[in-house]
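Visitor: Next comes the sequence, and after it the predicted model I'd like to discuss.
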Amino acid sequence: MRCMNSHTAEELSGFQTGFTVRPAHVIAAASADDVIAAVRHAAAERLPVTVQATGHGLRGPVEGGALVSTRRMDRVSVDPVERTARVQAGVRWSQVVEAAAPHGLAPLNGSAPGVGAVSYTLGGGLGILAREFGYAADHVRSLDVVTADGRLRRVTRESAPDLYWALLGAGHGFGVVTELEIGLVPVRRLYGGSLAFDGRQVDPAAALRAYEAWTRTVPDRLTSSFAAVPYPDLPALPPHLRGRYVLSVRVAYTGADGERLVAPLREIGPVLSDSLREMPYTESHTIHSDPDFPHTYYGDSAVLGEFDPAAAGEVLRRTGPGSGAMTVVQINHLGGALAEAAPNSVPWREGRFLVRLLAVGERAKAREVLDPAFASLAPVTLGRAVNFAFGAGDRNAGFYDDVTRKRLAGLKSQYDPASLFPDHVRGFSG
């Protein structure tokens, strides 16, 4: 362990560059023992503890306290017989995908290979095969966590059911998770990719309505999302994206009849680009082709109990070209295995869609665009998703239903009475 009070830029750098990160102490942890020492020191000094691996999911600025950097804890091991993997706190999903693939297995990772596997899973983990297999949190066998008393605990559903339930859905609010054992799924290949349309040739609201109607016809093995992105006219962008308002449907399916299932989507209008194909799972990151370079962004989400065509159209109107902020709209189709009960605190399983809005650039300008868009969805909104609240620390409501929130608050007072670990944007305590 190294305590780096010089706050080196490299140690504090992350994927989200829009927030100031100025902790009083930076602990570069290389092992669980380092984390134990850091937590005990912070508790003795009454310093709040935050954790950073890749820096994708920063909720907002970090001022003071102790920051535990886990990027050096990057070991992955796969047990092909048990179909499990052990992943340390600094591991990125790309590492797990590559380690599992030779055994014909795959993790329930998200769309971006550079995201940290542990934090993603603690927030639920909505992956590219989510409708078939559920949340990543639903497949966790055990967690190694350092709690506020400085103890390293091996937590399973059998050994500590309450803490297990709380950790899987409540992020780092109950300790520093140093390692997970996760279940893998027997997937070698899939049918997937993106079908894109020009939003100036195809009516965006009509395209979204067509997508929603199509989702009512597909099997649970098919996971998809609708996206709308107004790309700037910049030379660095590929010619087919430069200056265009691109509407796209992203698909991941493990069945054999993918072409037949997606055929109705081609009737939306002239196709701008088509990357749908059979692929090895190791190429699944190309379905979304998320940006892999650090940048500034602000975002939030809404889990919808039903689809309101008028409200959805209003969201597209407010976030499209001319909105004043480059805003990425992504609407994930939920249901299937995501709706099944599990022994964890991941909420809103009855949701039909998850709307994610992410604005690139300065926060105040982004709020001018995003706040009215989310307001239009309010009548059909159940709540928000923990993993998709970027810089929304001033909005504390909506992460959990009342029953889940109260249970989490009770467990928080039991395991962390001094609030050593600030829960994500005070979603259940404070």
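Guide: Great, that's in hand.
Visitor: how far away is the spatially closest residue to R189 that is not a sequence neighbour from A100?
Guide: Among residues not flanking R189 along the chain, P280 sits closest, at 5.6 Å (CB to CB, 6 or more residues apart in numbering). The way it works is simple: take the backbone N, C-alpha and C, and place the C-beta from them, glycine included. Distance of P280 to A100, given as CB to CB, to the nearest Å: 12 Å.
Visitor: Counting neighbours, go ahead and name the busier of these two.
Guide: When neighbours are counted by other CB atoms under 10 Å, A100 comes out ahead of the other of P280 and A100, with 25 against 12.
Visitor: show me where the stretch 1-150 of the chain has strands.
Guide: Counting by DSSP state E, counting those that start in this stretch, the segments of the stretch 1-150 of the chain that form strands are 2-3, 21-22, 25-28, 49-52, 62-63, 66-69, 76-79, 84-88, 140-146.
Visitor: For D416, find the nearest of those.
Guide: When the strands of the stretch 1-150 of the chain are ranked by distance to D416, counting by CB to CB, first place goes to strand 49-52 at 9.8 Å.
Visitor: how far out from the middle of the chain is that closest one?
Guide: The chain centroid and the centroid of strand 49-52 are separated by 17 Å, computed with CA atoms, centre = their mean, to the nearest Å.
Visitor: Give the rounded mean pLDDT of that strand.
Guide: Strand 49-52 shows a mean pLDDT of 90.
Visitor: got the contact list for it?
Guide: The contact list for strand 49-52, computed with CB atoms under 8 Å, 6 or more residues apart in numbering, reads 12, 14, 21, 23, 38-39, 42, 58, 62, 65-71, 89, 119, 172, 176, 420-422.
Visitor: Tell me who's in contact with P113.
Guide: Taking CB under 8 Å, 6+ apart as the definition of contact, the neighbours of P113 are R92, W93, S94, V97, H285, D292.
Visitor: What are the phi and psi values at the residue nearest to the third one when sequence neighbours are not counted?
Guide: Counting by CB to CB, 6+ apart, S94 lies nearest to P113, which is 3.6 Å off, once chain neighbours are set aside. Here is the backbone geometry of P113 (degrees, to the nearest 10): phi -70, psi -20.
Visitor: the helices in the stretch 51-200 of the chain, which residues?
Guide: Counting by DSSP state H, counting those that start in this stretch, the stretch 51-200 of the chain has helices at residues 93-100, 117-122, 130-133, 161-167.
Visitor: Serialize the ones you listed to TSV and add fields for distance to D308 and mean pLDDT.
Guide: Supplementary listing: the helices of the stretch 51-200 of the chain in TSV, determined by distance: least, CB to CB, whole Å; pLDDT from 0 to 100:
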stretch	distance to D308	mean pLDDT
helix 93-100	33	98
helix 117-122	29	96
helix 130-133	21	98
helix 161-167	32	98
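Visitor: Highest mean neighbour count across those, which stretch is it?
Guide: Comparing the helices of the stretch 51-200 of the chain by mean neighbour count (mean count of other CB atoms under 10 Å), helix 117-122 ranks first with a mean of 28.
Visitor: distance of the residue nearest to S94 from P291?
Guide: Distance of P113 to P291, computed by CB to CB: 12 Å.
Visitor: now do E340
Guide: Counting by CB to CB, the gap between E340 and P291 amounts to 32 Å.
Visitor: in the chain, which helix or strand is least confident?
Guide: Sorted by mean pLDDT, DSSP states H and E, the helices and strands of the chain end with strand 2-3, the least confident at a mean of 58.
Visitor: In space, not sequence, find me the middle residue of the chain.
Guide: Nearest to the mean C-alpha position of the chain, by CA atoms, centre = their mean, lies N387 at 4.3 Å.
Visitor: Burial check on the closest residue in space to it that isn't next to it in sequence, number of neighbours?
Guide: Excluding its sequence neighbours, the residue lying closest to N387 (CB to CB, 6+ apart) is G123, at 3.7 Å. By the other CB under 10 Å criterion, the neighbourhood of G123 contains 25 residues.
Visitor: With the one 4 residues further on instead?
Guide: By the other CB under 10 Å criterion, the neighbourhood of G127 contains 27 residues.
Visitor: if I pick it, what's in contact with it?
Guide: Going by CB under 8 Å, 6+ apart, G127 touches L108, N109, G110, S111, F133, Y135, A136, T223.
Visitor: next one: phi and psi at A312?
Guide: Dihedral angles phi and psi of A312 (degrees, to the nearest 10) take the values phi -60, psi -40.
Visitor: show me what contacts L420?
Guide: With contact taken as CB under 8 Å, 6+ apart, L420 is in contact with V39, A42, A43, P48, V49, A148.
Visitor: Likewise for V155?
Guide: Under the criterion of CB under 8 Å, 6+ apart, the neighbours of V155 are S142, L143, D144, V145, L163, Y164, L167.
Visitor: Could you give the bridge partners of the third one?
Guide: According to DSSP bridges, the partner residues bridging D144 are R154, E179.
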